[in-house]
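Colleague: here's my sequence, what's the structure:
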Amino acid sequence: MNVRVGILGATGAVGQRFIQLLDDHPTFELAALTASEESAGKSYREAAKWRVNTPIPDDVASMTVGRTHPDDVADDVDLLFSSLPSSVAAEVEPLFLDEGYVVSSNSSNDRMAEDVPLTIPEINPGHLDLIEIQREERGWDGALVKNPNCSTITMVPTLAALDEFGLERVNVTTLQAVSGAGYSGVTSMEIIDNALPHIGGEESKMETESRKLLGAFDGSEVTLHGMEVAASCNRIPTLDGHLESVFADLADEPSVDEVARAMREFPGIDLPSAPEQLIHVFDDPSRPQPRLDRDRENGMAVCAGGIQETTHGVKYNCLAHNTIRGAAGASLLNGELLVEEGWV
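Modeller: Just a heads-up that it's a prediction; the model follows:
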């Protein structure tokens, strides 16, 4: 099956990751690129300040960038990936949805909307059925699906594995890479020899999105998971890879070996971009580390280690590549799920 796709916001950091991940994709054919008015009409090579560590694919470099408007995207494009700033996406995505496009979006707007699936394919694929309710309530011919924030998606697969032991309370401290702020998001004078103990809006995203992702869907609405979540988010001078320290209070008292088994054996999903093993667990307490482990399974795996028992549960560290698994790769995987489930 050949599915024609487009990228909204194709010149930014996440848009560039989309292009890298779509190169030689077995199902998706890149057919449209959009960006700001300043970039519209230029070739992609001219419009994008390419920052990814592989060359721009030749066929993409010569493509003409359009405006981020339905008039500049062909009707035969089946699926759109959105990497727009949330303020722009909130205004623009509905225009495409009204025109019948299916949008798999990395933008943060509407993630917690009651009728919008917030999805990690290995965790809650059934939440896609919210699309039927979304179409009824909003009158859209298209469909909007969101992936979670990059820090949330690093932690939630490990929490999903722990849920069999009765998740009650989660405290997490993040050490987040500078690429999560975009190419110009943090200046060198701010971050070199430093750490920034605040990332605007990040903590609330982790605290709410994780409960929706692990919530129960009854066919009409998602009930948020009952666990309490408290997050402290920090920026550190690594390029890619969010490392997080998690303290999980559990109703049961599993051993370290039982926790490691639950993570290692947590099932994946059969999609082209999915990792063979979702969670890689290290026995070495010094792992995972961003530089050594962020690229496992083409950057789509989550890594965990340092598992220890605590008075009320367990503590451990987890890691994921924030612009691949945590952004473009997450939207790409959602797009593959939409195709697999017949929504595209």
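Colleague: got a pLDDT number for residue 7?
Modeller: Note for residue 7: predicted pLDDT of 98.
Colleague: and it, which of the three is it?
Modeller: strand (DSSP: H, G, I helix; E, B strand; the rest coil).
Colleague: and for it, the neighbour number?
Modeller: 31 (other Cβ atoms under 10 Å). In this view, the C-beta of every residue, glycine as well, is placed from N, C-alpha and C.
Colleague: bridged to it, which residues?
Modeller: The partner list for residue 7 in beta bridges (DSSP bridges) reads residue 33, residue 81.
Colleague: who's in contact with it?
Modeller: By Cβ atoms under 8 Å, 6 or more residues apart in numbering, the contact list for residue 7 reads 15, 18-19, 22, 30, 32-34, 80-83.
Colleague: which residues in the stretch 101-250 of the chain form strands?
Modeller: Chain-ordered strands for the stretch 101-250 of the chain, with DSSP state E, counting those that start in this stretch as the definition, fall at 102-105, 143-146, 167-176, 216-217, 222-223, 228-235, 242-250.
Colleague: present these as a markdown table; the columns should include mean neighbour count.
Modeller: Listed next are the strands of the stretch 101-250 of the chain as a markdown table, based on neighbours: other Cβ atoms under 10 Å:
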| stretch | mean neighbour count |
| --- | --- |
| strand 102-105 | 26 |
| strand 143-146 | 26 |
| strand 167-176 | 20 |
| strand 216-217 | 14 |
| strand 222-223 | 17 |
| strand 228-235 | 19 |
| strand 242-250 | 22 |
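Colleague: how about TSV for those strands, with distance to residue 116 added?
Modeller: TSV is the format used below for the strands of the stretch 101-250 of the chain (distance: least, Cβ to Cβ, whole Å):
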stretch	distance to residue 116
strand 102-105	9
strand 143-146	6
strand 167-176	23
strand 216-217	12
strand 222-223	10
strand 228-235	20
strand 242-250	24
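Colleague: picking that back up, what subset of the contacts of residue 7 is buried?
Modeller: Applying 16 or more other Cβ atoms under 10 Å to the contacts of residue 7, the neighbour count classes 15, 18-19, 22, 30, 32-34, 80-83 as buried.
Colleague: just name the closest of these to residue 221, please.
Modeller: If you rank those by distance to residue 221 using Cβ to Cβ, residue 82 comes first, at 24.2 Å.
Colleague: I'd assumed residue 105 was in contact with the closest one.
Modeller: Yes. With contacts counted by Cβ atoms under 8 Å, residue 82 reaches residue 105, the gap being 3.8 Å.
Colleague: list residues touching both of the two?
Modeller: Taking Cβ under 8 Å, 6+ apart as the criterion, residue 82 and residue 105 both touch 89, 93, 331.
Colleague: top of those by neighbour count?
Modeller: That'd be residue 331 among those, by other Cβ under 10 Å, with 27 neighbours.
Colleague: what helices or strands is the helix or strand harbouring that one leaning on?
Modeller: Assigned by DSSP states H and E, residue 331 belongs to helix 329-340. Counting contacts by 3 or more Cβ pairs under 8 Å, 6 or more residues apart in numbering; DSSP states H and E, helix 329-340 is packed against helix 13-22, strand 79-82, strand 102-105, strand 143-146.
Colleague: can you pull out the helices in the protein?
Modeller: For the chain, the helices defined by DSSP state H cover 13-22, 44-47, 58-61, 86-98, 130-138, 150-162, 188-191, 202-213, 256-264, 290-293, 296-299, 329-340.
Colleague: quick one: closest of these to residue 69.
Modeller: Minimum separation from residue 69 across the helices of the chain (Cβ to Cβ) falls at helix 86-98, 6.7 Å.
Colleague: pLDDT of that closest one, averaged?
Modeller: Across helix 86-98, pLDDT averages out at 96.
Colleague: can you give the distance of it from its chain's centre?
Modeller: Remark: helix 86-98 is offset 18 Å from the chain centroid, using Cα atoms, centre = their mean, to the nearest Å.
Colleague: fine, thanks again, bye for now.
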